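> Sequence and computational prediction follow.
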Amino acid sequence: MRCRSLSFAMAAGAALFIAGPASAARIVVTIDGVHNTKGNVFVGLYASPAKFLHGKQTDGMIKVPAKTSAITVTFDHLKPGTYAVGAFHDENSNEHLDTNSLGFPIEGFALSNDIRPMFSRPDFYDCAFKIGEDDNDKTVELHIKY
C-alpha cells in the first residue's frame, strides 16, 4: 500500500513538472529604425512604475549588438499583469542613454505604445499594456527615433 502511494505521488509530481507553469506568457519585441551598427541596443521590461526608466532598474534587460535590420528579443515566463517596454541605441557603448544638458535624449530610443514625450518624462501607464492568463505571446513593435 505504501509503495502504491509513493508511486502515485511520483507520477503526479512528474505530470506537474512536465506540464510547466500554467499561466506563463511571453513578450516578443521587434525593434526597427536603428540607423547604424555602432554599439548596442538595450531593451528593458518594466512591470511597475517604481522602476520605469530609472537607470538600470528593470524587471528584465536584454542587450544585443546594434544592427540596421529588425531586431527581435523575447521576455519569457512572465506572469499575467501590466508591463511596459523601452529600448535605446547605445551608440557609444557606455551602457546608458545619453542626454543633453536639459535631460533630453541624444541617442535613439523607443517606448511601447509608440509614446514619444516632448516636454516631460514618459509615464509608465501611457506606455503600459496588459498580458492575461490566456496570452501566449504579446507582440510589441518599437520604432527607434533619434
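Ah, there it is.
> ok, the residue nearest to residue 99 when sequence neighbours are not counted to residue 31 distance?
Nearest residue to residue 99, sequence neighbours excluded (C-beta to C-beta, 6 or more residues apart in numbering): residue 105, at 5.5 Å. Where you see a C-beta, it was placed from the backbone N, CA and C, and this is true even at glycine. Distance from residue 105 to residue 31, counting by C-beta to C-beta, to the nearest Å: 15 Å.
> Of the two, which one has the most company?
residue 31 (25 against 14; other C-beta atoms under 10 Å).
> coming back round to it: in this structure the residue nearest to residue 99 contacts residue 88, no?
Yes. Residue 105 lies in contact with residue 88 (C-beta atoms under 8 Å); the separation is 7.2 Å.
> Show me whatever sits in contact with both of those two.
residue 97 (C-beta atoms under 8 Å, 6 or more residues apart in numbering).
> Now the residue most central in space within the chain: closest residue in space, sequence neighbours ignored.
The residue lying closest to the centre of the chain (C-alpha atoms, centre = their mean) is residue 45, at 3.1 Å. Nearest residue to residue 45, sequence neighbours excluded (C-beta to C-beta, 6+ apart): residue 60, at 3.6 Å.
> Run through who's touching the lengthiest strand in the chain.
With secondary structure taken from DSSP state E, the chain has its longest strand at strand 81-90. With contact meaning C-beta under 8 Å, 6+ apart, strand 81-90 is reached by 27, 29, 31, 34-35, 39-48, 52-53, 59, 66, 96-97, 105, 107-113, 124, 127-131, 140, 142, 144, 146.
> Same check on stretch 41-51?
27, 29, 31, 34, 52-53, 57-66, 71, 73, 75, 81-90, 95, 123-125, 127, 142, 144.
> What average pLDDT does that stretch get?
The average pLDDT for stretch 41-51 rounds to 96.
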